[in-house]
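Colleague: got a structure for you, letters missing:
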C-alpha cells in the first residue's frame, strides 16, 4: 500500500504530511526551517514517519483487548519516552560537537577547564530533560533549538560566574555547534528509539507481564509497517531549492487551495497569513484555485509585522493575541507599515495608550490589509477558511470575524487545528493525483 | 598572478532583424552625437504620440529621453543614475525614467552607447497620455535654459473617443504654434510635400509591423508579442518612422517571420528557438528593463508565449487599423497622437485587451504593474477584475519597475508566474476531465 | 426675521461636523427639498463650480476619506505605490456614502485621478462620470478655444441629468455668487496673513472644507459671519514663525497634521489646501459670454500649481513672490506620498528657494497618517532655528 508525502518548506517552519491510499492523514512532521533546506525536508519527513508509526501504534493499542483500557496514558507515556530518547541522543551529539569545538587550537589553553565545564553543563541538561519529558503534557511544538538553547544559556551564565570562563566563549561554542547539529539528520532509527522507550516504559509502568508482552507485540507490529512513499510533492517558499524533480513541485497557492478543501470541502475562499506573505485564494468545489492574490512588495500585514511588534514590546509572539483580547478602549491604527511599526507603537505608548488597546488596533490593522487582498482576489464567499500561523492568534481571529461579518455578512469561518499543515496536505494530495495521471 | 581566462558567455541567439536594429540604433546614437558638428538642430521628445516625421521634415534630429533611460536600464547603468537623481532631492516615489534621465545628465549626458548626447535646442512636449512628461520637461528646461519648450497638448480620450474638437485643437497647435516654432529654430521652411513623403513611408512600414503583430494569431505563434514585440516596435516608435531604413527593417522582419510560419516554428528566444508553446498569454503593462532577459526566461522556460501585449501599442494602435495618411498630413498626426494606448480611457483599454484575449485565443492574461508609471498602473486592478469577469480567463498580477532594479524581485515574480501557470494547468485538466 | 450671527465656536462646531460627516448628509438633505435637485461631485484640484451651480445643482468637493475611514475594499483597486486619495474615494463610493451624488467630475490633475474617471465609468455605469481636461496651452486661440469646447461638453452632459437646457443668464448669476464667495475667501486668507494669531489655520481650513459641500450662498454667509465675529476673539499673538505650506493641493493632510504644524510653532500664512476655492484669483467677468469669461479667468487669472504647465518661467518664481507678499519666514513642503506632480516639483522649488535664501523643510504624509511625532519634532526644530536666526545680531 502506497503513501504520498507532501512537504511545505515555509520561511520559518517546514511541514510534512503523509497520506495513506485513502487520503487519510497518518503522519505529521514539523520542524524549524534552517539554512539547509534539504535537512529541514529530511527532518520533517522523518518526523512525519515517526508520527505515522505512532498512529499505527495507537490503532493497535486501541484494538488490543489487553491494553485498550489504559490506551491514553500508555501511549502518551510511550511517546514522551520516545521523544526523550531522541532528545537525549541529540543532546549527546551536541555535547560531542561542543567538546570538539572546544578542542580548537586557539582554545588550547582553556581546553581542560572548558571540558569540565561543558560536561557539567550537559549533565545538567540531560537531567533536566529526563525530568521534563516525564510529565504528562510535554509541549512538542517547541523545537530542539529552542529547548536546549534557553537551558544552555541559563546554565552557561551560572557556569561562567563560577568558573571564570567568559560567557561569550561558552555561547560562541554553542552557536557554532547548534548549527552543525541542526544541519544533520537524526542518526537514530524509529526501531532503535522505540525499543529503548518500551524498555523504559516496561520498567516504570504498572503493567502486568501479559500487558508488557502485548505492548511489545503491538510495538513490533507497528514498527514493522513499512512506509513506502509512492510519490512526493514539495511546495512553499523554498520549494525551488527542494531536492525534487520539477514535476514534483507545486506552488503553495495551489497546495493551500487544495489543502483547505481537504479540511473543509465547502471552502470557497481561503486566507493564509504566514510569516512572509499573505495569500487570498478562491477555489472551486473541487478545491482547484480559480483566482489568487498575494501581498505586494510591502510586507505590511504579514506575520512578520507582529514579530516586529512582539520584539518592540519584549513579548513572545504567542502573547500578543491574548493580551490584545483584554483591550478596553481599542486604538485606531491605520498604518501597517512595518518600517514605522516601532515608531508608531512608541508614540502611542508615550501618549498614554494602554498596551492592550494598541495591540488590538494593530491586529485590526493587519486584518484590514488582509481584507483588501481578499477584495482584490474576488471577495469572500461562504465557506471561508483561515490558515497560517496568524490563524492561531485569537485577536486576529476576532478582528477577522468582525470585519467579515460587517462587510460580507454572516459566513461560516473555518479554522482547523492542523491549519499549519494545509499546504503540506495539498502537496500530498497533488502527489497522489499526479500519480493518477491527472496533471 | 595570472587570472584564469574568463568563461565564454553562452551564445545569445538573435534574429537578423534584431542585428539590423542593433546597427540602426548604433548609427542613430552616432548621428545624434555628431548632430551639432553637422549643424543640425536637436529636439528632445517623447515616444507616445511622437512627431518624428515632422522633425525629419525640418531636418531636426530627435532624441527620446525615455529610450535613453530604457537603454541605460538594459545596460545596467540606470541604478546609479537613479541614485544620483535622488541625491539631489528627487523622491523615491516618483518615475524612474525621469530620474534615470536626470542621472545621466548629471553624469555628463553620456548616452547608452558611450557617445555624448548633445543638449537640446527644442524640448518638444507632445504630451500624450502621461502627466509626468510635462513635469519632466519643466525640469529639463531648468537644466537647459537656452532650449525652447514647444508644447503640443494632446487631449485625453476621457469619453472613449476622440472628438472633432480635440482633433482641431491638435491641428491648430501644429499649424499655429509647433510648425512656426520649428521653422524659426531650424531655419528651414515647412514643406508639406516633404512631410507627406515621410508619412507615405511610415504607412508602408506600418503594414510590416501589423503583419508581425497579427502573426501571433497562429498556433504556434511565430513571435513573442511582448518580449520580442518590444524589438519589433523599436524602429516604428522612435527615430526611424518615415525613413527608408525603417521600411527595410520591416521587410526583413516580415521575411524572417514568414520563414518561421512556413516552418511551423515558434519564437526565437535568447537561448534559441522556443520549444513547445504551452500557454498563450496576453500581457498588459510595460516590461522591466533592468532584468529584461531574466524576466523573459521565466516565460520561455515554462513554454509561455505572449501573443499580444498593450505595451507594443504605446506608440500607436496600428493593429486596430490606424495608418499615417499622407493626404491629410496634420490631421493624421493629430489622429496618431490621440490614439496611443495610454491616451485611451480605462473602459477602452479593457475592451481592447478583451478583444486580444478572444482574437488571439489566449489561455489567460497577465498584468505587469509598473511602479513608475501611474498612467499605465492606476486602475490595473480593476482592469484585472473586469477582464476576469468578462472573459472567464484567469489573470495574473506582478509588480516591478521600468529601470529601477530595486523593484525587481525575480523570486517573487517566478513564484507568482509558476503559481499562475500551474493554476492554468489545473483548470485545463479539470475542463478536459 | 432677524438672524443672529453664530459665534466663532459655533461656526467651528458646524464646519467640523460637516468635515467629519463622511455620509454627506448635508447633500442628502439639500436634495430632499425637491425631487428635481441634483448634486455633482468633483475631485481636486479645480472645478468651475459655476457651471454645476448654474445647472441648478449642488457642486460637492470630494477630497478623499481622510483619517477616519477604514479602507476595506478601496485597497483592492490600488497598488501600494499609489497615493491614498483614490482608494478612500472608491471606498466612499463602494460603501454607498456617495450615493447622493448624481455625477462625478474628475479634473485634469494627474494620471491617477484621470484614470479614476474611467474606473468610475466601469464601476458605476449608472452615474455620470466625466474627465475634464484643462488647457496647458495658454494661448486663447488654441488652449482657450479647446477649453471652451470642454466646458460646453460638460454643460450638455450636466443638462442630461435634469433635462434642463443650459442658460447663459443662470451662469452669469452663478459667476456673481462665486465671485462674492472668492472675495471672502481671499479676505479670510488676507486676515490670516496679517493677524495669524486671530485666524488659526485649523479654523480657516474647516471653513474652506465647508465650502466644498455647502450651497455657495450659505457658505458665503458663513464666511462673512466668521470674519465679523473673529475680530473680537480674545486671541493674542505668539512667538511663531510664518510659513507657507505647499504640496497639499490634492490629497489633504489630516486635521491633526495641520494642528501639529501650528502647535510646533508655525503660523501658516498661505497654503494650497482646498485650492478650488481660490484657484481663480480675481473676479470673473459678469458681462459678455459667461463661458468665455470662465475660460479667460482660467487662462489669465488662475493661481500657480504643480499640475499647471510652466514652460518658460522658472517653476519657483510664483512661490517666491508669494513668500515675499505674505512676508513668510520659510516654506514647508508637505506632499502626499506618491504624489508625482508635487514631488517632481519639490527639488525645483528647493533650488529656487535656496538661490533666494529662503528657508524650507520637507516631509511627506498620507491623508490617514496617524502619527505626527516625527513631524512635530522636525517642524519644531525648523521653527526654533528660524527664530534663532532672526534674533541673531
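Modeller: Thanks, I have it. Since this is a predicted model, take the numbers as computed values, not measurements. Residues are numbered from 1 along each chain as shown, chains lettered A, B, ... in the order given.

Colleague: How about stretch C:146-159 and chain B, touching?
Modeller: Yes: interface with chain B: stretch C:146-159 contributes C:146, C:149, C:150, C:153 (Cβ under 8 Å from any Cβ of the partner chain). Every residue, glycine included, has its C-beta placed from N, CA and C.

Colleague: Using CSV, please lay out these together with pLDDT.
Modeller: Shown next, in CSV, are the residues of stretch C:146-159 next to chain B (pLDDT from 0 to 100):
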residue, pLDDT
C:146, 97
C:149, 97
C:150, 97
C:153, 96
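
Colleague: secondary structure element for residue C:376?
Modeller: Here residue C:376, judged by DSSP states H and E, is contained in helix C:373-391.

Colleague: For that helix, buried residues please.
Modeller: Neighbour counts over helix C:373-391 (16 or more other Cβ atoms under 10 Å in any protein chain shown) mark C:375, C:376, C:378, C:379, C:382, C:383, C:386 as buried.

Colleague: Just confirm the last one contacts residue C:330, I think it does.
Modeller: This points to residue C:386. Yes: using Cβ atoms under 8 Å, residue C:386 is in contact with residue C:330, at 5.7 Å.

Colleague: what touches both of the two?
Modeller: Counting by Cβ atoms under 8 Å, 6 or more residues apart in numbering or on different chains, the common neighbours of residue C:386 and residue C:330 are C:241, C:359.

Colleague: For chain A, list the residue farthest from the centre, please.
Modeller: Most distant from the centre of chain A: residue A:109, at 41.4 Å, with distances by Cα atoms, centre = their mean.

Colleague: Who are the contact partners of it?
Modeller: Per Cβ under 8 Å, 6+ apart, neighbours of residue A:109: none.

Colleague: Need phi/psi at it.
Modeller: Main-chain dihedrals, residue A:109, degrees, to the nearest 10: phi -60, psi -30.

Colleague: Show the pLDDT at it.
Modeller: We note a pLDDT of 81 for residue A:109 in this prediction.

Colleague: Relative to residue A:169, how far out is it?
Modeller: Using Cβ to Cβ, to the nearest Å, residue A:109 is found at 12 Å from residue A:169.

Colleague: Nearest residue to residue 227 in space, please, no chain neighbours.
Modeller: Going with chain A. residue A:49 (5.2 Å; Cβ to Cβ, 6 or more residues apart in numbering or on different chains).

Colleague: actually it's chain C I care about, not the one you picked
Modeller: In space, and not counting its chain neighbours, residue C:227 is closest to residue C:187: 6.0 Å by Cβ to Cβ, 6+ apart.

Colleague: next SSE after the host helix or strand of residue A:368?
Modeller: Element membership for residue A:368, per DSSP H and E: helix A:355-377. From helix A:355-377 onward toward the C-terminus, using DSSP H and E, the following helix or strand is strand A:384-387.

Colleague: Neighbours of residue 429, how many?
Modeller: The chain I'm using is chain A. By other Cβ atoms under 10 Å in any protein chain shown, 24 other residues sit near residue A:429.

Colleague: wrong chain, I was asking about chain B
Modeller: With other Cβ under 10 Å as criterion, residue B:429 counts 14.

Colleague: Same check on residue A:37?
Modeller: Counted with other Cβ under 10 Å, residues neighbouring residue A:37 total 21.

Colleague: got the residues of the stretch 251-400 of chain B near chain A?
Modeller: Listed as neighbours of chain A in the stretch 251-400 of chain B under the rule Cβ under 8 Å from any Cβ: B:381, B:385, B:388, B:394, B:395, B:397, B:399.

Colleague: out of these, which one sits closest to residue B:239?
Modeller: Closest approach between those and residue B:239, by Cβ to Cβ: residue B:399, at 31.0 Å.

Colleague: Run a quick neighbour tally on the closest one.
Modeller: By other Cβ under 10 Å, neighbour count at residue B:399 equals 25.

Colleague: One more: residue A:358?
Modeller: Neighbour count of residue A:358, defined by other Cβ under 10 Å: 24.

Colleague: Who are the contact partners of it?
Modeller: Here residue A:358 is in contact with A:331, A:333, A:345, A:348, A:349 (criterion: Cβ under 8 Å, 6+ apart).

Colleague: what bits of the chain have low per-residue confidence?
Modeller: Using chain A here. A:1, A:135-141, A:202-205, A:296-301, A:334-341, A:435-439 (pLDDT under 70).

Colleague: Actually, chain B is the one I wanted.
Modeller: Residues of chain B that meet the criterion pLDDT under 70 lie in B:1-10, B:431-433.

Colleague: From the centroid of the chain, which residue is nearest?
Modeller: Assuming you mean chain A. Chain A, centroid-nearest residue using Cα atoms, centre = their mean: residue A:30 at 4.5 Å.

Colleague: actually chain C
Modeller: Short answer for chain C (Cα atoms, centre = their mean): residue C:274, at 1.4 Å.

Colleague: Tell me the spatial nearest neighbour of it, not counting adjacent residues.
Modeller: Excluding its sequence neighbours, the residue lying closest to residue C:274 (Cβ to Cβ, 6+ apart) is residue C:208, at 4.1 Å.

Colleague: Locate that neighbour within the secondary structure: which element?
Modeller: Going by DSSP H and E, residue C:208 is part of helix C:201-211.

Colleague: Give me the contacts around that helix.
Modeller: C:8, C:11-12, C:14-16, C:18-19, C:61, C:63, C:181, C:185, C:188-189, C:192, C:219, C:222-223, C:226, C:230, C:255, C:258-259, C:261-262, C:267-268, C:271, C:273-274, C:277.

Colleague: Can you tell me how far the residue nearest to residue A:90 when sequence neighbours are not counted is from residue A:418?
Modeller: Leaving aside its chain neighbours, residue A:90 sits nearest to residue A:144 (5.7 Å; criterion: Cβ to Cβ, 6+ apart). Distance, residue A:144 to residue A:418, by Cβ to Cβ: 22 Å.

Colleague: so where is chain C shaky, pLDDT-wise?
Modeller: Flagging of chain C using pLDDT under 70 yields the residue ranges C:1, C:391-393.

Colleague: Would you map the helices across it?
Modeller: Ranges of helices within chain C are C:8-20, C:25-32, C:49-54, C:85-94, C:111-123, C:145-162, C:168-194, C:201-211, C:216-230, C:255-263, C:290-300, C:317-325, C:340-356, C:373-391, based on DSSP state H.
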